Structure formats: structure tokens, C-alpha cells
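A.B. asks: pasting a predicted model and its sequence here:
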Amino acid sequence: MCLIYPLNRIIDLFIPSFMVMTGIVFGVFTFLEVLATERSLAFNFEHWHAQQFTRLWKTFGPLGSNILRPTISPLAAVANGVVLDIGPGDGQYLAHYQSENIIKLYLVEPCVGLHKRLRENVKKAGLEDVTTIIDCGIQHVNILYDHGITPASVDTIATFSVLCSVPDPEETCRFLYSLLKPGGQWVIVEHVIADLKFPLARWIQGMFEVVWPTLMGGCNINRDSGSYVREAGPWTKVELGRGQNEFGWEMLGHVVGRLVK
Ligand SMILES: C[S@@+](CC[C@H](N)C(=O)[O-])C[C@H]1O[C@@H](n2cnc3c(N)ncnc32)[C@H](O)[C@@H]1O
């Protein structure tokens, strides 16, 4: 949907502000709930963070998918062979994978609060026979190796709204590049920092960033994830661009595309 200036700018600013407010409200509820049910964990930040994010994503995930589904579905549809989907969340896009083209699907998802829905969506997508859910972050290389995810072993890497949350994103992207077979592909849809030519938008993102990782499960609003992936190693093909109808100043604008090793 292409809204008319300046309405589009106002709405674009409103979305992250609304998310911050909701994050605070959910954070308070989560704290009170933990206090009432698991008192010993009430002041454990990691626990609160995971619980608050689970609650948040169960609300925002489906809302966001209404916007991103048309962008993600054609990219998910080209996934083939051994597929590594990083941070699939509750698996809301799994239905777009073409199960007949997938030999093996690894879902690396550290948020256990989302695993129940994730398993349900694996089943709905008819991917049960080929799927392994790995309960860790992508940085846990040894766990990945134990599953046979080693250098040059993967045909398709899928990152949809996750590079904003991984630790040391540049290093992580180089590691992911190493996992791809020659000729392997990386499909990506990530929200990113505003374009260089919009310093005010970058500055506002910087303001949001002060609270964003705490309230959004470790997500960062101003990462240059497109560049990290492009520079992760030599590619034979790079098809990367901005999301549809985006100008480059959006708070949650996207980099979208496919790269071939
Ligand atoms: C914004 S959600 C996106 C979920 C899903 N890709 C989608 O678009 O519906 C980010 C996901 O990345 C996961 N995540 C966070 N840190 C991660 C890490 N270090 N390794 C793998 N996944 C991670 C979160 O648990 C969460 O499920």
C-alpha cells in the first residue's frame, strides 16, 4: 500500500512508537506474571526478556506477516535442498516452502516459548518428515556441527527478520556464508538502517535503538544487514533491493533479495 506524503511518514513513525509502548506494557505484565507464578525468577532479566518477547511476538508476528507475506512468500518458494532457516519464530512462513523441493529443513530457533506453534506450523506445512528444530542461537557453532551443519553443507539459507537479533552480525554472516555450498543461495528479508542520504531518519532510529533491544527481544532497529550479507564473501549473483514501495527513510524499511554463492 502506497500512502500519500506526509501520511506515510507519520504512520511509519507511529509503528515503532506503538511497538515501544506495547513492549513496555507487555514487559510490565510479564514481570507481574513471573512475580506471581515463578517468584524466584522475578528479577532474572534473561527469563523476563524471553517471556516478554514470546508474548510480544505472538501479537506482532501475525500483524507483521500481513505486510511481509507477499515479499517473503516468493523467496521462501525458491528454497531447495538442505535448507537452514534461522530464527523462524513460530514458523508463520513455513507454508510457503515447497516441500517437494526440500531434502532437509533445519529450523534454528532459540525462543522455546515459540516452539509449540513452530511444531504445529511444521506439521501444517507438511514438512514434518524433513524438519529438525534446533533449540539454540545461530552462534552456537558446535551444536550446529553436531547436526551436520558444517561448511559447504547447505543449499539454502533463509533469514527473515532475524539478522537484527543475532550477536556480532558481520561475523555471523561470514559464518553463514561458509555454510553454503558453492552455487548455494541465501534468501533474505530484513528490516535495516535508513539510507545514508536520510540522516534524520537514521538519527530517529538511533533514538529508538536506546530501548529497542531491551523491549524487542534483542532486536536492533538500525543494522545494515544487507551490507553484512553482501560483504560476507564473494557472490556469483546478487539480487538485493529495498522493499516494495519503500523510499529508504522508513524506520522499519527492508532489504529484500537473493544471493548465490
Ligand atoms: C523478529 S522474529 C522473526 C521470526 C520469523 N523469522 C518471522 O519472520 O516470522 C526474530 C526471531 O529470531 C530469533 N532469534 C533471536 N536471536 C537469534 C539467534 N542468535 N539465532 C537464531 N535465531 C535468533 C528469535 O527468537 C525470533 O524468533
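C.D. replies: Perfect, I can see it now.
A.B. asks: next, the buried residues of stretch 167-178.
C.D. replies: Neighbour counts using 16 or more other C-beta atoms under 10 Å place P169, E170, T172, C173, F175, L176, Y177 of stretch 167-178 among the buried residues. For glycine as for every other residue, the C-beta is placed from the backbone atoms N, C-alpha and C.
A.B. asks: ok, which stretches of the stretch 1-150 of the chain are helices?
C.D. replies: 7-37, 45-77, 115-124, 141-146 (DSSP state H, counting those that start in this stretch).
A.B. asks: close to the ligand: what parts of this protein are there?
C.D. replies: Contact residues (C-beta under 6 Å from any ligand atom) of the chain with the ligand: 57, 61, 86-89, 92-93, 108-111, 114, 137-139, 160-162, 165-166, 218.
A.B. asks: 5 Å - rerun?
C.D. replies: I86, G87, G89, Q92, C111, G137, I138, F160, S161, V162, S165, V166 (C-beta under 5 Å from any ligand atom).
A.B. asks: just the buried residues out of those, in ChimeraX syntax.
C.D. replies: Listed next is the ChimeraX selection for buried residues among the residues of the chain next to the ligand, using 16+ other C-beta under 10 Å:
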select :86,87,89,92,111,137,138,160,161,162,165,166
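A.B. asks: mind putting the residues of the chain next to the ligand into JSON lines with pLDDT and distance to I67?
C.D. replies: Converted to JSON lines, these look like this (pLDDT from 0 to 100; distance: C-beta to C-beta, whole Å):
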{"residue": "I86", "pLDDT": "98", "distance to I67": "20"}
{"residue": "G87", "pLDDT": "98", "distance to I67": "18"}
{"residue": "G89", "pLDDT": "96", "distance to I67": "15"}
{"residue": "Q92", "pLDDT": "96", "distance to I67": "12"}
{"residue": "C111", "pLDDT": "95", "distance to I67": "21"}
{"residue": "G137", "pLDDT": "97", "distance to I67": "26"}
{"residue": "I138", "pLDDT": "97", "distance to I67": "25"}
{"residue": "F160", "pLDDT": "98", "distance to I67": "12"}
{"residue": "S161", "pLDDT": "97", "distance to I67": "11"}
{"residue": "V162", "pLDDT": "98", "distance to I67": "16"}
{"residue": "S165", "pLDDT": "97", "distance to I67": "19"}
{"residue": "V166", "pLDDT": "98", "distance to I67": "22"}
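A.B. asks: and the helices of the stretch 1-150 of the chain, which one is worst for confidence?
C.D. replies: Lowest mean pLDDT within those: helix 7-37, a mean of 89.
A.B. asks: what's the angle between that one and helix 45-77?
C.D. replies: Interaxial angle of helix 7-37 relative to helix 45-77 (axes from the mean of the first three to the mean of the last three C-alpha atoms, to 10 degrees): 130 degrees.
A.B. asks: tell me what helix 7-37 is packed against?
C.D. replies: With contacts taken as 3 or more C-beta pairs under 8 Å, 6 or more residues apart in numbering; DSSP states H and E, helix 7-37 sits against helix 45-77, helix 199-209, helix 212-215.
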